[in-house]
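Novice: just a sequence and a predicted model for now, questions to come.
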Amino acid sequence: MIRQLPLLLILLFLNLAPLVGQSTETIVENIQTEAFENSQLEQIAHELMDVIGPRLVGTPQMTKAHDWAVTTFKKWGIDARNEEWGTWRGWERGITHIDMVSPRVVSLRGTQLAWSPSTTESGITAEVITIPAVEDSIAFAQWLPNTKGKFVAVSMNQPTGRPDYNWEEFAAEGSFEKMKTDREAQIKAWQQRIRNTAYNSRTLNSALEEAGAVGIIQSRWSNAFGANKIFSANTKTIPVIDLSLEDYGMIYRLAEKGSKPRLKVVSISKELGRVPTFNTIATIPGTEFPDEYVVLSAHFDSWDGGTGATDNGTGTITMMETARILRKIYPNPKRTIIIGLWGSEEQGLNGSRAFVEDRPEVVTGLQALFNQDNGTGRVVKLSGQGFLHAYEYLGRWLEAVPREIRDHIDTTFPGSPGRGGSDYASFVAKGAPAFSLSSLSWSYSNYTWHTNLDTYDKIVFDDVRNNAILTAILTYMACEDPEKTSREKAVLHTNPRTGKKQEWPTPRPPDRSGGQDKK
């Protein structure tokens, strides 16, 4: 052993030598080289989106995703674990098959909503009726018995299935304006129709369920070809089905014109009781300031109409790829790097709100948090989130970022503190310097945000690679900065609507027992 010791020291020195005294320029160059030549983005995106699929809180897929992330981090030499922070209603999506069986036979495009009650294996076959135009709630209550044994269509029939940009490009002069005027009148009439029932979009389904309807049919069009928003069912015993705009419109017209369409719906799901829910937390220990932290932040959960590719698979793989690159290029950071993949962001930032309650030492020691959560595009906006001196340190860190990346980014200093929207707001509310890396749209709000089209093929990997490089460099600079970041808050502006001075957001508690009726 004594004879082997010098050799081991020499080998150790040779392994560490390339990392000692490297310039910022060299580290940045090595980060870029690793990101371009050895990228794992496509592979981990495939494993997460195609193999595991959507990550609705409380589902087996969410658990599989957490376990996969831990395994992947450990494969890269990064310690990781799943930290339980609460429980949720356990539910598992099965098959959905929808057929119109009268007045003709055709299979329809649609799916059950999240947490929808299951049909039997043989399904439900029944007529579809629509919400009538009634004068008041008394008239609606008198009509409600008509729903017994029926499917009820609860969405407005869209006057066009073409997005506005399509009309602008091709419509004859005046035709587009006429369509918009007619559509606005139809929307107002429909809103009044619903108001006259004395219910709203959150309570109507329950009223129909109690009256004996066998299922709810809706179509929440996302104003884009083929895209529908897919959220939760809000029923206890009957299924809620979302149909494509095209199929819903056909069914609605048939019902309105007296053809009495009949559907057969098979939508299978399983209730799994109360299940634990987690954050996945990975850690690269700091060498000089281990009690100071740089956090790479992304929410891990998704809705389940698609596979959660751009909300927030792209944020997730950005932070995972950033961690992989740094573990290889910068394995001994001065500050501790934490990668937080949060659960149940979609239901109110619950995972990150639980983390700031459960891990106060991270909040206290936070040097900076970088969060990405609004699609696949390259980062184009960075706000100081109301921290008065954010320009000094963020501006200094950005100087290290290559110009071809940095020049795309508009900065706002000191900016205003985030009050929701994504997980950085959980930390901002605690007065900790947390920042959103806001990305280019790529038609995110219409085509992929919470829709059935949020799938692997919508990822723009060149832009995601751009974001991984940016995040890695910012993280490196934040770790190396000899100064602790300032938390001094800017004086907030007066709210122009209320005339009152804005106040810093206050922390909100997480829902640690979600998905249950708390009325």
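Specialist: Great, that's in hand.
Novice: show me the shaky parts of this protein.
Specialist: Counting by pLDDT under 70, the chain has low-confidence residues at 1-21, 518-519.
Novice: give me the most central residue, it.
Specialist: Asp311 (3.6 Å; C-alpha atoms, centre = their mean).
Novice: thought that residue was touching Phe300?
Specialist: No: the pair Asp311 / Phe300 is not scored as a contact, 11.2 Å apart, by C-beta atoms under 8 Å. Every residue, glycine included, has its C-beta placed from N, CA and C.
Novice: anything in contact with each of the two?
Specialist: Counting by C-beta atoms under 8 Å, 6 or more residues apart in numbering, Asp311 and Phe300 have no contacts in common.
Novice: what ranges do the strands span in the stretch 151-300 of the chain?
Specialist: 151-153, 215-218, 240-243, 262-284, 289-299 (DSSP state E, counting those that start in this stretch).
Novice: tilt between the last one and strand 262-284?
Specialist: Taking axes from the mean of the first three to the mean of the last three C-alpha atoms, to 10 degrees, one finds that strand 289-299 is oriented at 170 degrees with respect to strand 262-284.
Novice: return the angle between stretch directions for whichever helix or strand comes after strand 289-299 and strand 289-299.
Specialist: Remark: after strand 289-299, the chain's next helix or strand is helix 314-329, criterion DSSP states H and E. Angle, helix 314-329 to strand 289-299, by the same axes, to 10 degrees: 150 degrees.
Novice: so which elements touch helix 314-329?
Specialist: Packing contacts for helix 314-329, counted by 3 or more C-beta pairs under 8 Å, 6 or more residues apart in numbering; DSSP states H and E, involve helix 24-37, helix 41-45, helix 60-75, strand 262-284, strand 289-299, strand 335-342, helix 461-480.
Novice: now do the first one: everything it contacts.
Specialist: Same thing as helix 24-37. Where contact means C-beta under 8 Å, 6+ apart, the residues beyond helix 24-37 that reach it are 22, 321, 325-326, 328-330, 400-402, 465, 468-469, 472-473, 476-477, 480.
Novice: then stretch 141-152 to CSV, C-alphas only?
Specialist: Taking C-alpha atoms only, stretch 141-152 is exported to CSV below (Å, rounded to 0.1, in the frame of the first residue of the first chain):
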residue,chain,number,x,y,z
ALA,A,141,-84.4,23.1,-12.8
GLN,A,142,-87.7,22.0,-14.5
TRP,A,143,-85.6,20.8,-17.5
LEU,A,144,-83.0,18.9,-15.5
PRO,A,145,-85.0,15.6,-15.3
ASN,A,146,-84.6,15.3,-19.1
THR,A,147,-80.9,14.5,-18.6
LYS,A,148,-81.7,11.1,-16.9
GLY,A,149,-80.1,8.3,-19.0
LYS,A,150,-78.5,10.8,-21.4
PHE,A,151,-75.1,12.2,-22.3
VAL,A,152,-75.2,16.0,-22.0
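Novice: how distant is that stretch from the center of its chain?
Specialist: In terms of C-alpha atoms, centre = their mean, to the nearest Å, the centre of stretch 141-152 is found 36 Å from the chain centre.
Novice: for Pro285, give me its contacts.
Specialist: For Pro285, the contacting residues are Thr336, by C-beta under 8 Å, 6+ apart.
Novice: tell me which residues touch the residue nearest to the centre of the chain, please.
Specialist: Taking C-beta under 8 Å, 6+ apart as the criterion, Asp311 is in contact with 302-303, 373-375, 444, 448-450, 454.
Novice: let's see if you can find the most crowded of the residues you listed.
Specialist: Neighbour count (other C-beta atoms under 10 Å) singles out Asp454 as the most crowded of those, with 31 neighbours.
Novice: could you measure from Trp167 over to Gly313?
Specialist: Separation of Trp167 from Gly313 (C-beta to C-beta, to the nearest Å): 32 Å.
Novice: more neighbours: which of the two?
Specialist: Counted by other C-beta under 10 Å, Trp167 and Gly313 do not tie: Gly313 has more neighbours, with 30 against 15.
Novice: what residues of stretch 449-469 count as buried?
Specialist: Under the neighbour-count criterion of 16 or more other C-beta atoms under 10 Å, stretch 449-469 has 449-456, 458-460, 463-469 buried.
Novice: off-centre distance for it?
Specialist: 12 Å.
Novice: wouldn't Gly286 be in contact with Tyr330 here?
Specialist: No: counting by C-beta under 8 Å, Gly286 does not reach Tyr330; the two are 11.3 Å apart.
Novice: for the helix or strand containing Gln142, give me every contacting residue.
Specialist: Assigned by DSSP H and E, Gln142 falls within helix 137-143. With contact meaning C-beta under 8 Å, 6+ apart, helix 137-143 is reached by 132, 134, 196-199.
Novice: want to try CSV for the residues you listed, with distance to Ser107 and neighbour count as columns?
Specialist: Formatted as CSV, the contacts of helix 137-143 follow (distance: C-beta to C-beta, whole Å; neighbours: other C-beta atoms under 10 Å):
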residue, distance to Ser107, neighbour count
Pro132, 28, 12
Val134, 33, 16
Asn196, 35, 18
Thr197, 32, 21
Ala198, 36, 15
Tyr199, 31, 18
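Novice: quick check, nearest of those to Ile241?
Specialist: Set against Ile241, the nearest of these by C-beta to C-beta is Tyr199 (19.1 Å).
Novice: show me what contacts the closest residue to that closest one other than its chain neighbours?
Specialist: Using C-beta to C-beta, 6 or more residues apart in numbering and skipping residues adjacent in sequence, the residue nearest Tyr199 is Ala207, 5.4 Å away. Going by C-beta under 8 Å, 6+ apart, Ala207 touches 144, 197, 199.
Novice: what sits against the second one?
Specialist: So that's Thr197. By C-beta under 8 Å, 6+ apart, the contact list for Thr197 reads 131, 134, 137, 140, 204, 207.
Novice: rewinding a little: the contacts of helix 137-143 in helices, which ones?
Specialist: Per DSSP state H, helices hold no members of the contacts of helix 137-143.
Novice: on that earlier part again, show me how to select, in PyMOL, the buried members of the contacts of helix 24-37.
Specialist: Buried residues within these, by 16+ other C-beta under 10 Å, are selected in PyMOL with:
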select buried, resi 321+325+326+329+330+400+401+465+468+469+472+473+476+477+480
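Novice: and the helix holding Gln142, which residues are buried?
Specialist: Neighbour count says helix 137-143 has Phe140 buried, by 16+ other C-beta under 10 Å.
Novice: off-centre distance for that helix?
Specialist: Relative to where its chain is centred, helix 137-143 has its mean C-alpha point 39 Å off (C-alpha atoms, centre = their mean).
Novice: and for stretch 174-188?
Specialist: Distance of stretch 174-188 from its chain centroid, counting by C-alpha atoms, centre = their mean, is 32 Å.
Novice: identify the residues contacting it?
Specialist: Applying C-beta under 8 Å, 6+ apart, the contact partners of stretch 174-188 are 156, 159-160, 164, 167-168, 171.
Novice: what are the buried residues along that stretch?
Specialist: 176, 179.
Novice: can I get whichever strand or helix holds Val356 in PDB, CA atoms only?
Specialist: Following DSSP H and E, one finds Val356 within helix 350-358. C-alpha atoms of helix 350-358 as PDB (Å, rounded to 0.1, in the frame of the first residue of the first chain):
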ATOM      1  CA  ASN A 350     -47.600  22.400  -4.300                       C
ATOM      2  CA  GLY A 351     -44.200  20.600  -4.500                       C
ATOM      3  CA  SER A 352     -42.100  23.700  -4.400                       C
ATOM      4  CA  ARG A 353     -44.200  25.300  -1.700                       C
ATOM      5  CA  ALA A 354     -43.700  22.200   0.400                       C
ATOM      6  CA  PHE A 355     -40.000  22.300  -0.300                       C
ATOM      7  CA  VAL A 356     -39.600  25.900   1.000                       C
ATOM      8  CA  GLU A 357     -41.500  24.900   4.100                       C
ATOM      9  CA  ASP A 358     -39.500  21.600   4.600                       C
END
